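Asks: coordinates for the following, if possible.
(chains A and B)
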Amino acid sequence: NAGVTQTPKFRVLKTGQSMTLLCAQDMNHEYMYWYRQDPGMGLRLIHYSVGEGTTAKGEVPDGYNVSRLKKQNFLLGLESAAPSQTSVYFCASRLDFEQYFGPGTRLTVT
Amino acid sequence: RKEVEQDPGPFNVPEGATVAFNCTYSNSASQSFFWYRQDCRKEPKLLMSVYSSGNEDGRFTAQLNRASQYISLLIRDSKLSDSATYLCVTFKGAAGNKLTFGGGTRVLVKP
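Replies: Numbering: from 1, shown residues only, chains lettered A, B, ... in the order given. Purely as a prediction, here's the structure:
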């Protein structure tokens, strides 16, 4: 099992550009999550999904959109990147109480 | 106020010593509690669950005090490899079935 994978690992964007982060899990988990982690702020939940075809907002959803068209994939989109979105993005999936995280995507917006 | 609060540290610990730290949570509806470990520039991973009666996993002991709404983690005989950030995590079944993470406590074990 690959577990939770994220693509890409690193990306540099210019302000106003768009991009999509891909998260994939091969554990058949229903729940999937997108977080951002910034120094001194801890993990903050952006959006989450409780199953295929469903999405919901977390604490910091503004500027992001998500889709869960297939159970194993959870996509995070930035339509118009801003420097404030420079962060490390973690995807996670959950079975019961254990949450499995992907390795992260380091995004810099200049 | 954050829902889960932790002392960010760092806790500088001599190798072989014992270190303990707490976290407090504000939502009394929280049902389950965990400690996650995060190494520098890596993803968080589950270290252990925290049970009301207290539980041990090797050199790690976790305690829960529901009345005072805090959780503790104690590490005995600290190893250099214990250097990491420890994240306190709560879970409540409603409200989207999601975990709430504290900001983490950084532990540095030195020779």
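Asks: up against chain B, what does chain A have?
Replies: With the criterion set to CB under 8 Å from any CB of the partner chain, chain A comes near chain B through A:31, A:33, A:35, A:40-43, A:45, A:48, A:50, A:56, A:58, A:90, A:94, A:97-99, A:101-104. No exception for glycine: its C-beta is placed from N, CA and C like everyone else's.
Asks: against which helices or strands is the helix or strand encompassing residue A:35 packed?
Replies: According to DSSP states H and E, residue A:35 maps onto strand A:31-38. Judged by 3 or more CB pairs under 8 Å, 6 or more residues apart in numbering or on different chains; DSSP states H and E, strand A:31-38 is in contact with strand A:19-25, strand A:42-49, strand A:73-78, strand A:87-95, strand B:98-101.
Asks: can you put the ones you listed in TSV and add distance to residue B:5, mean pLDDT and mean neighbour count?
Replies: Below are the helices and strands packed on strand A:31-38 laid out as TSV (distance: least, CB to CB, whole Å; pLDDT from 0 to 100; neighbours: other CB atoms under 10 Å in any protein chain shown):
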stretch	distance to residue B:5	mean pLDDT	mean neighbour count
strand A:19-25	28	97	19
strand A:42-49	10	93	22
strand A:73-78	27	98	20
strand A:87-95	21	94	22
strand B:98-101	11	86	23
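Asks: same list, those strands, but as TSV with distance to residue B:26 please.
Replies: Below are the helices and strands packed on strand A:31-38 laid out as TSV (distance: least, CB to CB, whole Å):
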stretch	distance to residue B:26
strand A:19-25	30
strand A:42-49	15
strand A:73-78	28
strand A:87-95	22
strand B:98-101	10
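Asks: packing partners for the helix or strand of chain B with the lowest mean pLDDT?
Replies: The weakest-scoring helix or strand in chain B, judged by mean pLDDT, DSSP states H and E, is strand B:98-101 (a mean of 86). Applying 3+ CB pairs under 8 Å, 6+ apart, one finds that strand B:98-101 makes contact with strand A:31-38, strand A:42-49, strand B:84-92.
Asks: same thing but 10 Å
Replies: strand A:31-38, strand A:42-49, strand A:87-95, strand A:98-101, strand B:4-6, strand B:32-38, strand B:84-92 (3 or more CB pairs under 10 Å, 6 or more residues apart in numbering or on different chains; DSSP states H and E).
Asks: mean confidence for the first one?
Replies: When pLDDT is averaged along strand A:31-38, the result is 95.
Asks: could you do stretch A:99-110 as well?
Replies: Average pLDDT, stretch A:99-110: 96.
Asks: who is the residue most central in space within chain A paired with across the strands?
Replies: When chain A is reduced to its mean C-alpha position, the nearest residue by CA atoms, centre = their mean turns out to be residue A:34, at 3.3 Å. According to DSSP bridges, the partner residues bridging residue A:34 are residue A:47, residue A:91.
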